[in-house]
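S.K.: Following is a predicted model, sequence given first.
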Amino acid sequence: MLTEKQKFGKIINLGVEITQVKDLDVLLERILKEARLLVNADAGSIYVKEEDKLKFSYSQNDTLQLRQPGRKLIYSTFKMPINNQSIAGYVANTGDLLNLQDAYKLPSTLPFSFNRKYDDLSGYRTQSMLTFPLKTNRGDTIGVLQLINAKNAKGKPVAFSKKDEPLILHFANMAAVAIERAQMTRAMILRTIKMAELRDPKETGAHVNRVASYSVAIYEHWAAKRGVPHEVLEKNRDILRMAAMLHDVGKVAIADAILKKPARLDDAEREIMKQHTYMGARLFSEQYSEFDDASASVALNHHEKWDGTGYPGHINPFDAKVLPGYENSDGTPRPKKGEEIPVFGRLVALADVYDALSSKRAYKEKWDEVQVLEELKIGSGTHFDPEMVETFFTCIETIRNIAERYPDH
């Protein structure tokens with residue numbers, strides 16, 4: 001457990017660290033984790049304000065996690081009204097912090113109550129709760145952070161210390177500023193996606209959020225298995241999620257007659273469609289950051305195949321010319337093969353195909369999950385990196401949970 005001095009020093013460092021996380025989902029998960037560590041909380045949830053409601057966005061629980069090692073907790077997202085009836089709603093509505101010793105023993109005079117439904121379903125016992133608003137420098141509440149069951153040195157639930165309240169509120173203020181910035185970044189990316197959606201109805205916000213989240217889920221398991229250092233894994237999660245959202249942004253350069261054709265493309269049209277890979281990479285030709293580099297790589301490589309039958313192959317995306325030494329006998333570029341394909345490209349290739357098969361399209365119905373999973377198994381070692389397919393099946397419950405969190409409307 002941290003001393004008061006250690007907590008203060010950690011908060012100062014966290015203020016710098018969390019501002020470096022750009023993706024909203026990755027940031028929310030990080031903020032919840034760090035807040036729990038500050039006060040040694042067993043569990044917690046984070047809510048984000050969306051118009052006049054609170055969206056339950058992330059949940060963590062060490063006790064429940066121990067029951068399923070190696071797998072992420074599965075939970076449903078939902079929205080609740082901002083009013084005084086629920087604990088989180090009260091905090092969002094009033095802007096006040098609540099420090100409750102036992103959620104099961106609240107006085108009847110309080111306007112809010114504790115909903116035991118999740119505890120009853122999971123077999124968990126919520127006791128102490130520290131719930132506080134995430135306020136920007138302007139004083140606007142943009143979310144709520146709820147920490148559950150502070151633990152003593154023996155791991156037993158105890159009340160949250162009153163001494164921690166000023167520290168946690170200071171952290172909450174820094175977290176709110178970081179969330180607000182990440183929301184602006186997400187909004188800019190989604191506006192870019194909406195431009196693509198105007199051209200290609202398949203390119204929706206739900207689709208790109210699913211593909212990005214699938215990619216990160218697979219990467220986490222794959223990277224951990226390979227022993228990738230934690231700090232590298234965390235940085236790559238952030239970059240990958242944003243880059244994966246923009247995998248098909250190059251379709252804005254493809255003619256409507258091809259993009260919106262309500263049937264399968266013929267060979268000539270298919271060749272034109274293939275141009276969206278390097279057209280997308282060109283949007284990131286001025287590479288100011290690792291995000292630009294990753295986005296260009298994903299856009300260019302997400303249609304390459306493990307066995308070397310994909311596209312566009314070894315080309316310079318900025319002039320579409322074949323790279324020297326990589327020409328086929330007919331002058332066309334040789335497709336990339338195996339580990340020639342960058343890791344992020346291999347991840348998004350798998351995530352994108354899974355989502356496409358699992359979704360309805362103008363030219364096809366949604367596939368049954370059994371069919372989809374069988375197709376991925378068939379593609380292992382040909383279309384997809386076999387190690388990543390194996391990892392995909394390891395985290396299939398997480399993948400299904402992501403699909404539920406980003407449904408098509």
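M.R.: Right, received. Where do you want to start? Residues are numbered from 1 along each chain as shown.
S.K.: Contact partners for the spatially closest residue to L246 that is not a sequence neighbour?
M.R.: Nearest residue to L246 in three dimensions, chain neighbours excluded: S295, at 5.2 Å (CB to CB, 6 or more residues apart in numbering). C-betas here are computed from N, CA, C, even on glycine. Under the criterion of CB atoms under 8 Å, 6 or more residues apart in numbering, the neighbours of S295 are 242-243, 246, 283-284.
S.K.: ranking these by neighbours, who comes first?
M.R.: Note: the member of the contacts of S295 with the most neighbours is A243, at 30 neighbours, neighbours being other CB atoms under 10 Å.
S.K.: what's the helix or strand for it?
M.R.: Here A243, judged by DSSP states H and E, is contained in helix 230-245.
S.K.: and that helix, which residues are buried?
M.R.: By 16 or more other CB atoms under 10 Å, the buried positions in helix 230-245 come out as 233-234, 236-245.
S.K.: Do a quick rundown of the strands in this structure.
M.R.: Under the criterion DSSP state E, the chain contains strands at 41-50, 53-61, 79-81, 98-100, 129-135, 141-151, 157-158, 315-316, 321-322.
S.K.: For those strands, give me JSON lines that also has distance to D368, mean pLDDT and mean neighbour count.
M.R.: Shown next, in JSON lines, are those (distance: least, CB to CB, whole Å; pLDDT from 0 to 100; neighbours: other CB atoms under 10 Å):
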{"stretch": "strand 41-50", "distance to D368": "32", "mean pLDDT": "96", "mean neighbour count": "22"}
{"stretch": "strand 53-61", "distance to D368": "30", "mean pLDDT": "94", "mean neighbour count": "20"}
{"stretch": "strand 79-81", "distance to D368": "30", "mean pLDDT": "94", "mean neighbour count": "15"}
{"stretch": "strand 98-100", "distance to D368": "46", "mean pLDDT": "98", "mean neighbour count": "19"}
{"stretch": "strand 129-135", "distance to D368": "41", "mean pLDDT": "97", "mean neighbour count": "24"}
{"stretch": "strand 141-151", "distance to D368": "38", "mean pLDDT": "97", "mean neighbour count": "24"}
{"stretch": "strand 157-158", "distance to D368": "44", "mean pLDDT": "96", "mean neighbour count": "16"}
{"stretch": "strand 315-316", "distance to D368": "37", "mean pLDDT": "94", "mean neighbour count": "17"}
{"stretch": "strand 321-322", "distance to D368": "41", "mean pLDDT": "94", "mean neighbour count": "14"}
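S.K.: now those strands as a markdown table including distance to N115?
M.R.: What follows is those, written out as a markdown table (distance: least, CB to CB, whole Å):
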| stretch | distance to N115 |
| --- | --- |
| strand 41-50 | 12 |
| strand 53-61 | 11 |
| strand 79-81 | 9 |
| strand 98-100 | 13 |
| strand 129-135 | 12 |
| strand 141-151 | 12 |
| strand 157-158 | 18 |
| strand 315-316 | 56 |
| strand 321-322 | 61 |
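S.K.: Please identify which of those is closest to A217.
M.R.: Across these, A217 has its closest neighbour in strand 53-61 (13.7 Å, CB to CB).
S.K.: Residues contacting that closest one, please?
M.R.: Against strand 53-61 from outside (CB under 8 Å, 6+ apart): 25, 28-29, 32-33, 36, 42-49, 73, 75-82, 88-89, 92, 124, 143-144, 148.
S.K.: Go ahead and measure how far it is from the middle of the chain.
M.R.: Relative to the chain's own centre, strand 53-61 is displaced by 14 Å; criterion: CA atoms, centre = their mean, to the nearest Å.
S.K.: hey, C-alpha coordinates of it in PDB?
M.R.: Only the C-alpha atoms of strand 53-61 are listed here, as PDB (Å, rounded to 0.1, in the frame of the first residue of the first chain):
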ATOM      1  CA  LYS A  53     -27.200  10.300 -19.600                       C
ATOM      2  CA  LEU A  54     -24.300   8.400 -18.100                       C
ATOM      3  CA  LYS A  55     -22.800   5.600 -20.200                       C
ATOM      4  CA  PHE A  56     -21.300   2.700 -18.200                       C
ATOM      5  CA  SER A  57     -18.000   2.400 -20.200                       C
ATOM      6  CA  TYR A  58     -15.500   0.300 -18.300                       C
ATOM      7  CA  SER A  59     -15.400  -2.000 -15.300                       C
ATOM      8  CA  GLN A  60     -12.600  -3.800 -13.500                       C
ATOM      9  CA  ASN A  61     -12.700  -6.200 -10.600                       C
END
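S.K.: Which neighbours in the sheet does it have, and how are they oriented?
M.R.: strand 41-50 (antiparallel), strand 79-81 (antiparallel) (DSSP bridges).
S.K.: Taking strand 141-151 as reference, get the angle to that strand.
M.R.: Inter-element angle recorded for strand 53-61 and strand 141-151: 30 degrees (by axes from the mean of the first three to the mean of the last three CA atoms, to 10 degrees).
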